[in-house]
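[1] Coordinates for the following, if possible.
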Amino acid sequence: MQSKRIERFSAVPTRRRPNLLQARLPVVLFMALLVSACSNGIINPGLTRPADPLADRTWQHLTQDVNLQSEVRRHITDNPGMDPDAELNAHAFKRVILLVGASRDRQQVDDLAAFAAALEGVRRVHDETVSQRDRSQSAHADRLLTRRFNLRLLTNSHAMPEGFNRGRVHAVVDDARLFLMGAVTREEARALTELAQQQAGVTEVIVLFDQVN
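    Residues are numbered from 1 along each chain as shown. This is a model prediction of the structure:
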């Protein structure tokens, strides 16, 4: 049985990203390459995309991501104003931040997304948090499922379109929801999403790719 599929593509244009602040939009699939917006996300104004969005992730990118992810997680854990019952987490990949978890305080989550978007170098923030939930599985089970999918991706690399680079994709599971991030072509996005839908234990696949022709 395949898991539910949700797509939130951000199309990557071939020139400078428009000066646009995008708050929480309805869930929309953006397929046209001239559209540079992202549903449920905030885009930092004035930032340019990488010269080659399909280039390998460098050590500089990795260091930036680690620092950005740490900053947001510190804000969650060290902020005395945060709801102690909130269950929030953050992931960063190529300067795109993904917020996951649950909080009953919508304003708190909006403030966290704004904080993340204001960090130097952040290109976009995806807010995929929910208001409340009963976890379907533990955080440990999520980590195991993430490892299983990454192994599945590695062993099925031969089935990916020619030119696919595993380093351009980041996968993470939160409460059995599998999130896919990174910069890929249309063909790669299709193949990766289909592979994710076949992963046992995944209830929902949420695609957050920068899509490049």
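
[2] how about low-confidence regions in this structure?
    Residue ranges of the chain with pLDDT under 70: 1-57, 213.

[3] mind listing the strands for it?
    Secondary structure of the chain (DSSP state E): strands located at 4-7, 10-11, 41-43, 87-93, 96-102, 124-127, 169-174, 177-185, 204-212.

[4] From the contact counts, what lies against the fifth one?
    Secondary structure elements in contact with strand 96-102, counted by 3 or more CB pairs under 8 Å, 6 or more residues apart in numbering; DSSP states H and E, are helix 59-78, strand 87-93, helix 106-118, strand 124-127, strand 169-174, strand 177-185, strand 204-212. Placement of C-beta: from N, CA and C, glycine included.

[5] Among the ones you listed, which comes closest to Gln137?
    strand 169-174 (9.0 Å; CB to CB).

[6] what number of residues lie near Val173?
    Residues within reach of Val173, counting by other CB atoms under 10 Å, total 27.

[7] for it, which residues make a bridge with it?
    Beta bridges link Val173 to Leu178, judged by DSSP bridges.

[8] quick one: it and Ala196 touch, right?
    No - using CB atoms under 8 Å, Val173 makes no contact with Ala196, being 10.0 Å away.

[9] Which neighbours do the two have in common?
    Contact criterion CB atoms under 8 Å, 6 or more residues apart in numbering; residues shared by Val173 and Ala196: Phe149, Val202.

[10] okay if I get the strands of the chain as JSON lines plus distance to Ala113?
    Shown next, in JSON lines, are the strands of the chain (distance: least, CB to CB, whole Å):
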{"stretch": "strand 4-7", "distance to Ala113": "19"}
{"stretch": "strand 10-11", "distance to Ala113": "16"}
{"stretch": "strand 41-43", "distance to Ala113": "6"}
{"stretch": "strand 87-93", "distance to Ala113": "10"}
{"stretch": "strand 96-102", "distance to Ala113": "6"}
{"stretch": "strand 124-127", "distance to Ala113": "5"}
{"stretch": "strand 169-174", "distance to Ala113": "16"}
{"stretch": "strand 177-185", "distance to Ala113": "16"}
{"stretch": "strand 204-212", "distance to Ala113": "14"}
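
[11] So this protein: which segments form each domain?
    Structural domains assigned to the chain are 19-127, 139-212, following automatic domain parsing.

[12] Tell me which of those domains sits most buried.
    Across the domains of the chain, the average number of neighbours (mean count of other CB atoms under 10 Å) peaks for domain 139-212, which reaches a mean of 18.

[13] Would you mind measuring the gap between the ends of that domain?
    One end of domain 139-212 sits 32 Å from the other (CA to CA, to the nearest Å).

[14] so how far is that domain off the chain centroid?
    11 Å (CA atoms, centre = their mean, to the nearest Å).
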